[in-house]
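J.: Fold the stuff below for me.
(one chain, ligands or ions: 1)
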Amino acid sequence: LPGLGSLGRLAGFTYGCAVRSDRLAEDPPYAGDVARECAVMVPEWEAKFETLQPEEGKFDFGLLDEVLTFAQAKGIAVRGHALVWHAALPPWAREAIASGADRARGVMDAHFETVLNRTRPRIRDWDVVNEVVADPPGSDTPDGGPGPLRATPMLTALGPGYIDLAFRKAREIDPTLRLTLNEYGIEEDTPSADEKRQRLLGLLRGLRDRDVPIDAVGIQGHLQMRNAFSAEKFTAFVRAIRALGLSVLITELDVREDWRVPEGYPARDDVVAARVRDFLASAVDGGVRTVLTWGLVDRYSWLVTDPDVARKDGLHHRGLPLDWEGSRKAMWRAMAQVI
Ligand code: XIL
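T.: Numbers count the residues shown, from 1 in each chain. Alright, predicted model coming up:
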(Lines give C-alpha, C1' and ligand atoms only; values in the text may rest on other atoms or scores of the structure.)
Protein backbone atom coordinates (compact mmCIF):
# COMPACT_ATOMS: atom_id res chain seq x y z
CA LEU A 1 0.00 0.00 0.00
CA PRO A 2 1.12 3.59 -0.59
CA GLY A 3 1.96 5.75 2.43
CA LEU A 4 -0.49 7.83 4.47
CA GLY A 5 0.65 10.95 2.63
CA SER A 6 -0.32 9.51 -0.75
CA LEU A 7 -3.53 7.96 0.54
CA GLY A 8 -4.52 11.25 2.12
CA ARG A 9 -3.73 13.30 -0.95
CA LEU A 10 -6.30 11.34 -2.96
CA ALA A 11 -8.93 12.48 -0.47
CA GLY A 12 -7.76 16.08 -0.15
CA PHE A 13 -6.10 15.30 3.13
CA THR A 14 -2.57 16.09 4.29
CA TYR A 15 -0.64 13.66 6.52
CA GLY A 16 2.81 14.24 7.91
CA CYS A 17 5.02 13.75 10.95
CA ALA A 18 7.68 15.32 13.12
CA VAL A 19 11.20 14.29 12.08
CA ARG A 20 14.65 14.25 13.66
CA SER A 21 17.57 15.40 11.51
CA ASP A 22 20.07 13.15 13.32
CA ARG A 23 18.05 10.02 12.53
CA LEU A 24 17.38 11.08 8.93
CA ALA A 25 21.14 11.25 8.45
CA GLU A 26 22.07 8.03 10.29
CA ASP A 27 19.22 5.65 9.74
CA PRO A 28 18.30 4.95 6.10
CA PRO A 29 15.32 2.70 6.92
CA TYR A 30 13.86 5.53 9.03
CA ALA A 31 14.50 8.05 6.27
CA GLY A 32 12.77 5.66 3.86
CA ASP A 33 9.76 5.36 6.16
CA VAL A 34 9.45 9.15 6.38
CA ALA A 35 9.77 9.54 2.61
CA ARG A 36 7.15 6.86 2.00
CA GLU A 37 4.56 8.00 4.55
CA CYS A 38 4.71 11.80 4.66
CA ALA A 39 3.38 14.64 2.54
CA VAL A 40 4.56 17.20 5.08
CA MET A 41 7.08 17.13 7.90
CA VAL A 42 7.95 19.32 10.86
CA PRO A 43 11.39 19.38 12.48
CA GLU A 44 11.11 18.11 16.07
CA TRP A 45 13.58 20.68 17.45
CA GLU A 46 15.65 22.00 14.54
CA ALA A 47 13.50 25.14 14.13
CA LYS A 48 13.14 25.92 17.83
CA PHE A 49 14.57 29.15 19.17
CA GLU A 50 17.48 27.65 21.14
CA THR A 51 18.60 25.59 18.12
CA LEU A 52 18.43 28.44 15.63
CA GLN A 53 19.83 31.20 17.87
CA PRO A 54 21.85 29.62 20.70
CA GLU A 55 23.66 32.91 21.23
CA GLU A 56 22.38 36.36 20.50
CA GLY A 57 22.78 37.21 16.83
CA LYS A 58 24.63 33.94 16.08
CA PHE A 59 22.18 31.94 14.02
CA ASP A 60 22.79 28.32 13.12
CA PHE A 61 20.61 26.88 10.36
CA GLY A 62 22.74 23.74 9.90
CA LEU A 63 20.33 21.16 11.29
CA LEU A 64 17.26 22.83 9.84
CA ASP A 65 18.94 22.88 6.43
CA GLU A 66 19.42 19.10 6.67
CA VAL A 67 15.67 18.71 7.12
CA LEU A 68 14.92 21.16 4.31
CA THR A 69 17.31 19.43 1.92
CA PHE A 70 15.78 16.03 2.65
CA ALA A 71 12.27 17.44 2.21
CA GLN A 72 13.14 19.07 -1.08
CA ALA A 73 14.73 15.90 -2.45
CA LYS A 74 11.61 13.90 -1.58
CA GLY A 75 9.01 16.51 -2.54
CA ILE A 76 7.76 16.90 1.05
CA ALA A 77 6.42 20.19 2.45
CA VAL A 78 7.77 21.54 5.76
CA ARG A 79 6.01 23.26 8.67
CA GLY A 80 7.94 25.55 10.98
CA HIS A 81 7.82 24.92 14.74
CA ALA A 82 8.02 27.24 16.67
CA LEU A 83 8.87 30.96 16.76
CA VAL A 84 7.72 31.80 20.30
CA TRP A 85 7.81 28.99 22.85
CA HIS A 86 8.78 29.55 26.48
CA ALA A 87 10.30 26.06 26.79
CA ALA A 88 12.86 26.56 24.01
CA LEU A 89 14.42 29.84 25.07
CA PRO A 90 18.21 29.73 25.55
CA PRO A 91 19.49 31.38 28.75
CA TRP A 92 20.62 34.56 26.99
CA ALA A 93 17.13 35.12 25.58
CA ARG A 94 15.44 34.51 28.94
CA GLU A 95 17.70 37.11 30.49
CA ALA A 96 17.24 39.60 27.68
CA ILE A 97 13.45 39.27 27.70
CA ALA A 98 13.37 39.64 31.48
CA SER A 99 15.26 42.92 31.27
CA GLY A 100 12.35 44.94 29.87
CA ALA A 101 9.68 45.44 27.24
CA ASP A 102 11.79 47.13 24.57
CA ARG A 103 14.51 44.53 24.81
CA ALA A 104 11.96 41.69 24.73
CA ARG A 105 10.40 43.12 21.61
CA GLY A 106 13.82 43.54 20.02
CA VAL A 107 14.64 39.89 20.67
CA MET A 108 11.36 38.74 19.14
CA ASP A 109 11.59 40.98 16.06
CA ALA A 110 15.21 40.09 15.32
CA HIS A 111 14.54 36.36 15.62
CA PHE A 112 11.46 36.54 13.39
CA GLU A 113 13.20 38.61 10.73
CA THR A 114 16.23 36.38 10.39
CA VAL A 115 14.37 33.07 10.62
CA LEU A 116 11.40 33.92 8.39
CA ASN A 117 13.46 35.63 5.72
CA ARG A 118 15.96 32.77 5.67
CA THR A 119 13.35 30.02 5.45
CA ARG A 120 10.59 31.68 3.42
CA PRO A 121 11.25 29.85 0.16
CA ARG A 122 10.77 26.48 1.85
CA ILE A 123 8.58 26.89 4.93
CA ARG A 124 5.17 28.39 4.26
CA ASP A 125 3.42 27.49 7.51
CA TRP A 126 4.68 28.45 10.97
CA ASP A 127 3.66 27.87 14.54
CA VAL A 128 4.05 31.51 15.53
CA VAL A 129 3.25 30.91 19.19
CA ASN A 130 3.22 27.57 20.99
CA GLU A 131 1.47 26.71 24.28
CA VAL A 132 0.41 30.21 25.30
CA VAL A 133 -2.79 29.33 27.16
CA ALA A 134 -2.37 28.56 30.86
CA ASP A 135 -3.27 25.14 32.22
CA PRO A 136 -6.34 25.43 34.43
CA PRO A 137 -6.35 23.88 37.90
CA GLY A 138 -6.77 20.12 37.79
CA SER A 139 -4.69 19.59 34.66
CA ASP A 140 -1.72 17.21 34.38
CA THR A 141 0.74 20.06 34.04
CA PRO A 142 -0.53 22.78 36.35
CA ASP A 143 2.34 25.13 35.65
CA GLY A 144 0.39 27.76 33.79
CA GLY A 145 0.07 30.62 36.24
CA PRO A 146 -2.94 32.51 37.60
CA GLY A 147 -4.43 34.07 34.44
CA PRO A 148 -5.86 32.64 31.22
CA LEU A 149 -2.51 33.08 29.49
CA ARG A 150 0.53 31.06 30.52
CA ALA A 151 3.00 32.96 32.69
CA THR A 152 5.93 33.07 30.29
CA PRO A 153 8.88 35.45 29.97
CA MET A 154 7.16 37.20 27.03
CA LEU A 155 3.91 37.66 28.98
CA THR A 156 5.79 39.15 31.90
CA ALA A 157 7.76 41.51 29.68
CA LEU A 158 5.11 42.61 27.19
CA GLY A 159 1.74 41.71 28.67
CA PRO A 160 -0.98 39.76 26.81
CA GLY A 161 -0.36 41.86 23.69
CA TYR A 162 2.82 39.90 22.96
CA ILE A 163 0.71 37.41 21.03
CA ASP A 164 -0.71 40.19 18.82
CA LEU A 165 2.80 41.55 18.28
CA ALA A 166 4.12 38.14 17.25
CA PHE A 167 1.43 37.54 14.63
CA ARG A 168 1.63 41.08 13.28
CA LYS A 169 5.39 40.87 12.95
CA ALA A 170 5.25 37.55 11.12
CA ARG A 171 2.59 38.87 8.73
CA GLU A 172 4.59 42.03 8.10
CA ILE A 173 7.72 40.05 7.20
CA ASP A 174 5.89 37.76 4.78
CA PRO A 175 2.18 38.32 4.12
CA THR A 176 1.88 34.96 2.32
CA LEU A 177 2.80 32.70 5.25
CA ARG A 178 0.15 30.64 7.02
CA LEU A 179 0.32 31.73 10.66
CA THR A 180 -0.69 29.20 13.28
CA LEU A 181 -1.27 29.22 17.03
CA ASN A 182 -0.40 25.80 18.47
CA GLU A 183 -1.85 24.49 21.74
CA TYR A 184 -2.25 21.33 23.85
CA GLY A 185 -4.51 20.08 26.62
CA ILE A 186 -7.73 20.87 24.71
CA GLU A 187 -8.48 17.50 23.14
CA GLU A 188 -9.91 15.24 25.81
CA ASP A 189 -12.93 15.10 28.07
CA THR A 190 -11.48 16.38 31.29
CA PRO A 191 -12.64 19.34 33.40
CA SER A 192 -9.37 21.14 32.76
CA ALA A 193 -9.70 20.65 28.99
CA ASP A 194 -13.19 22.17 29.04
CA GLU A 195 -11.84 25.21 30.81
CA LYS A 196 -8.77 25.43 28.57
CA ARG A 197 -10.95 25.25 25.44
CA GLN A 198 -12.94 28.23 26.74
CA ARG A 199 -9.72 30.12 27.45
CA LEU A 200 -8.46 29.45 23.95
CA LEU A 201 -11.73 30.48 22.30
CA GLY A 202 -11.68 33.68 24.35
CA LEU A 203 -8.16 34.41 23.20
CA LEU A 204 -9.09 33.74 19.56
CA ARG A 205 -12.14 36.03 19.76
CA GLY A 206 -9.92 38.76 21.11
CA LEU A 207 -7.44 38.28 18.27
CA ARG A 208 -10.27 38.47 15.75
CA ASP A 209 -11.73 41.60 17.35
CA ARG A 210 -8.34 43.29 17.18
CA ASP A 211 -7.76 42.18 13.56
CA VAL A 212 -4.69 40.19 14.48
CA PRO A 213 -3.47 38.24 11.43
CA ILE A 214 -3.86 34.56 12.33
CA ASP A 215 -4.83 31.82 9.89
CA ALA A 216 -4.98 28.57 11.81
CA VAL A 217 -5.03 26.80 15.12
CA GLY A 218 -2.87 23.74 15.64
CA ILE A 219 -4.26 21.26 18.14
CA GLN A 220 -1.35 19.15 19.31
CA GLY A 221 -3.21 15.92 20.08
CA HIS A 222 -0.93 14.26 22.62
CA LEU A 223 -3.64 11.85 23.75
CA GLN A 224 -3.62 9.82 26.95
CA MET A 225 -5.56 6.60 27.32
CA ARG A 226 -6.25 7.28 30.98
CA ASN A 227 -8.38 10.29 30.01
CA ALA A 228 -11.91 10.09 28.67
CA PHE A 229 -12.63 11.35 25.17
CA SER A 230 -15.82 12.90 23.84
CA ALA A 231 -16.16 12.97 20.06
CA GLU A 232 -19.16 15.32 20.30
CA LYS A 233 -17.33 17.87 22.42
CA PHE A 234 -14.24 17.72 20.29
CA THR A 235 -16.11 18.14 17.00
CA ALA A 236 -18.02 21.08 18.47
CA PHE A 237 -14.76 22.68 19.60
CA VAL A 238 -13.16 22.34 16.16
CA ARG A 239 -16.27 23.86 14.61
CA ALA A 240 -16.22 26.74 17.09
CA ILE A 241 -12.66 27.59 16.04
CA ARG A 242 -13.53 27.30 12.37
CA ALA A 243 -16.55 29.55 12.89
CA LEU A 244 -14.03 32.29 13.69
CA GLY A 245 -12.65 31.94 10.16
CA LEU A 246 -9.60 29.85 11.13
CA SER A 247 -8.54 26.47 9.86
CA VAL A 248 -7.70 23.72 12.32
CA LEU A 249 -4.81 21.27 12.07
CA ILE A 250 -3.85 18.35 14.28
CA THR A 251 -0.14 18.97 14.70
CA GLU A 252 1.39 16.49 17.17
CA LEU A 253 -0.77 13.38 17.43
CA ASP A 254 0.46 10.48 19.54
CA VAL A 255 -1.00 8.31 22.29
CA ARG A 256 0.27 7.63 25.77
CA GLU A 257 -0.99 4.29 26.97
CA ASP A 258 -2.50 3.83 30.37
CA TRP A 259 -0.27 2.18 33.00
CA ARG A 260 -2.72 -0.72 32.83
CA VAL A 261 -2.29 -2.20 29.38
CA PRO A 262 -3.68 -5.45 28.01
CA GLU A 263 -1.24 -8.36 27.53
CA GLY A 264 0.70 -8.37 24.32
CA TYR A 265 1.07 -6.18 21.27
CA PRO A 266 -1.97 -6.80 19.12
CA ALA A 267 -4.28 -6.07 22.07
CA ARG A 268 -2.34 -3.00 23.17
CA ASP A 269 -2.18 -1.65 19.65
CA ASP A 270 -5.91 -2.11 19.13
CA VAL A 271 -6.68 0.07 22.15
CA VAL A 272 -4.49 2.87 20.81
CA ALA A 273 -5.89 2.51 17.30
CA ALA A 274 -9.48 2.71 18.50
CA ARG A 275 -8.76 5.97 20.32
CA VAL A 276 -7.00 7.40 17.26
CA ARG A 277 -9.94 6.43 15.05
CA ASP A 278 -12.45 8.16 17.35
CA PHE A 279 -10.26 11.22 17.70
CA LEU A 280 -9.50 11.65 14.00
CA ALA A 281 -13.03 10.88 12.88
CA SER A 282 -14.36 13.63 15.15
CA ALA A 283 -11.63 16.00 13.98
CA VAL A 284 -12.48 15.34 10.34
CA ASP A 285 -16.16 15.79 11.20
CA GLY A 286 -15.31 19.21 12.52
CA GLY A 287 -13.45 20.09 9.31
CA VAL A 288 -9.81 19.15 9.98
CA ARG A 289 -7.93 18.22 6.79
CA THR A 290 -4.30 18.12 8.02
CA VAL A 291 -2.87 15.72 10.59
CA LEU A 292 0.71 15.32 11.74
CA THR A 293 1.89 12.73 14.23
CA TRP A 294 4.72 13.66 16.64
CA GLY A 295 7.19 11.19 15.18
CA LEU A 296 6.52 8.21 12.94
CA VAL A 297 8.19 5.11 14.41
CA ASP A 298 7.95 4.18 18.08
CA ARG A 299 11.70 3.75 18.54
CA TYR A 300 12.30 7.49 18.07
CA SER A 301 9.16 8.76 19.78
CA TRP A 302 9.61 11.34 22.53
CA LEU A 303 7.20 9.06 24.43
CA VAL A 304 10.15 6.67 24.59
CA THR A 305 13.14 9.01 24.74
CA ASP A 306 11.88 11.84 26.98
CA PRO A 307 12.02 10.84 30.68
CA ASP A 308 9.10 13.16 31.50
CA VAL A 309 6.67 11.20 29.37
CA ALA A 310 8.23 7.72 29.03
CA ARG A 311 6.64 4.75 30.81
CA LYS A 312 8.40 3.85 34.01
CA ASP A 313 7.54 0.15 34.08
CA GLY A 314 10.01 -1.17 31.51
CA LEU A 315 7.47 -1.16 28.68
CA HIS A 316 7.63 1.46 25.96
CA HIS A 317 4.66 3.43 24.62
CA ARG A 318 3.35 2.32 21.23
CA GLY A 319 1.76 5.61 20.31
CA LEU A 320 2.76 6.17 16.66
CA PRO A 321 1.65 4.71 13.29
CA LEU A 322 4.77 2.51 12.87
CA ASP A 323 6.07 0.18 15.58
CA TRP A 324 9.59 -0.07 16.99
CA GLU A 325 10.90 -1.79 13.86
CA GLY A 326 8.99 0.45 11.47
CA SER A 327 6.15 -1.93 10.62
CA ARG A 328 2.69 -0.52 10.11
CA LYS A 329 0.48 -1.32 13.06
CA ALA A 330 -3.19 -0.90 13.98
CA MET A 331 -2.81 2.86 14.44
CA TRP A 332 -1.54 3.14 10.86
CA ARG A 333 -4.59 1.25 9.58
CA ALA A 334 -6.94 3.40 11.65
CA MET A 335 -5.41 6.52 10.13
CA ALA A 336 -5.57 5.09 6.62
CA GLN A 337 -9.30 4.48 7.13
CA VAL A 338 -10.10 7.95 8.41
CA ILE A 339 -8.02 10.08 6.05
C1 XIL B 1 9.43 17.87 22.43
C2 XIL B 1 10.42 16.97 21.69
O3 XIL B 1 9.73 15.91 21.11
C4 XIL B 1 11.44 16.45 22.65
O5 XIL B 1 12.42 15.71 21.97
C6 XIL B 1 12.08 17.63 23.40
O7 XIL B 1 12.90 17.12 24.39
C8 XIL B 1 11.04 18.51 24.03
O9 XIL B 1 10.10 18.91 23.06
N10 XIL B 1 4.81 19.92 22.50
C11 XIL B 1 5.55 20.56 21.53
C12 XIL B 1 6.81 19.97 21.06
O13 XIL B 1 5.10 21.59 20.98
O14 XIL B 1 7.75 20.94 20.66
C15 XIL B 1 7.42 19.07 22.10
O16 XIL B 1 8.54 18.42 21.52
C17 XIL B 1 6.39 18.07 22.59
C18 XIL B 1 5.23 18.76 23.23
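
J.: How about the residues of this protein by the ligand?
T.: Contacts of the chain with the ligand, taken as CB under 6 Å from any ligand atom, map to 44, 45, 130, 220, 252, 302, 306. Every C-beta, even on glycine, is put in place using the N, C-alpha and C of the backbone.

J.: top of the residues you listed by neighbour count?
T.: residue 252 (25 neighbours; other CB atoms under 10 Å).

J.: For my notes, confirm it occurs in a strand.
T.: Yes. Under DSSP: H, G, I helix; E, B strand; the rest coil, residue 252 falls within a strand.

J.: close enough to count as contact, residue 182 and residue 126?
T.: No. Taking contacts as CB atoms under 8 Å, residue 182 lies outside contact range of residue 126: 9.6 Å.

J.: tally of neighbours for residue 299?
T.: 18.

J.: Give me the nearest residue to it, chain neighbours excluded.
T.: Leaving aside its sequence neighbours, residue 299 sits nearest to residue 324 (CB to CB, 6 or more residues apart in numbering; 4.7 Å).

J.: Roughly how far does the one you found sit from the ligand?
T.: 17 Å (CB to the nearest ligand atom, to the nearest Å).

J.: Pull out the buried positions in stretch 32-47.
T.: 33-47 (16 or more other CB atoms under 10 Å).

J.: Likewise for stretch 116-126?
T.: Neighbour-count burial for stretch 116-126, counted by 16+ other CB under 10 Å, picks out 116, 119, 122, 123, 125, 126.

J.: Quick check on the second one: phi, psi?
T.: Summarising the backbone geometry of residue 119 under the convention degrees, to the nearest 10, its torsions are phi -100, psi 0.

J.: Would you agree it is in contact with residue 83?
T.: No. Using CB under 8 Å, residue 119 is not in contact with residue 83; the gap is 10.6 Å.

J.: Where does pLDDT dip in the stretch 1-150 of the chain?
T.: 142-144 (pLDDT under 70).

J.: just the helices in it please.
T.: 4-10, 21-26, 28-37, 49-52, 62-74, 91-98, 101-119 (DSSP state H, counting those that start in this stretch).

J.: Can you check which residues contact both of residue 182 and residue 126?
T.: Residues touching both residue 182 and residue 126 (CB atoms under 8 Å, 6 or more residues apart in numbering): 81, 82.

J.: hang on, the earlier thing: and the residue nearest to residue 299, helix, strand or coil?
T.: Put simply, residue 324 is coil when judged by three-state DSSP.

J.: mind listing what the residue in the stretch 51-200 of the chain positioned nearest to the ligand touches?
T.: The stretch 51-200 of the chain approaches the ligand most closely through residue 130 (5.1 Å), counting by CB to the nearest ligand atom. With contact set as CB under 8 Å, 6+ apart, residue 130 has these partners: 81, 82, 84, 85, 182, 183.

J.: out of these, which are inside strands?
T.: Judged by DSSP state E, strands contain the following of these: 81, 82, 84, 182, 183.

J.: now those in JSON lines, with neighbour count?
T.: Output for those, formatted as JSON lines (neighbours: other CB atoms under 10 Å):
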{"residue": "81", "neighbour count": "26"}
{"residue": "82", "neighbour count": "23"}
{"residue": "84", "neighbour count": "27"}
{"residue": "182", "neighbour count": "23"}
{"residue": "183", "neighbour count": "24"}
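
J.: Save those as CSV, and put in distance to residue 230 too.
T.: Conversion of these to CSV gives the following (distance: CB to CB, whole Å):
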residue, distance to residue 230
81, 27
82, 28
84, 30
182, 22
183, 18
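
J.: For stretch 50-64, which outside residues touch it?
T.: Looking at what lies outside stretch 50-64 - CB under 8 Å, 6+ apart - the contacts are 21, 43, 45-47, 88-90, 92-93, 96, 107, 110-111, 114-115, 118-119.

J.: Try it again at 6 Å.
T.: Residues from elsewhere that reach stretch 50-64 (CB atoms under 6 Å, 6 or more residues apart in numbering): 21, 45, 46, 47, 88, 90, 92, 111, 114, 115.
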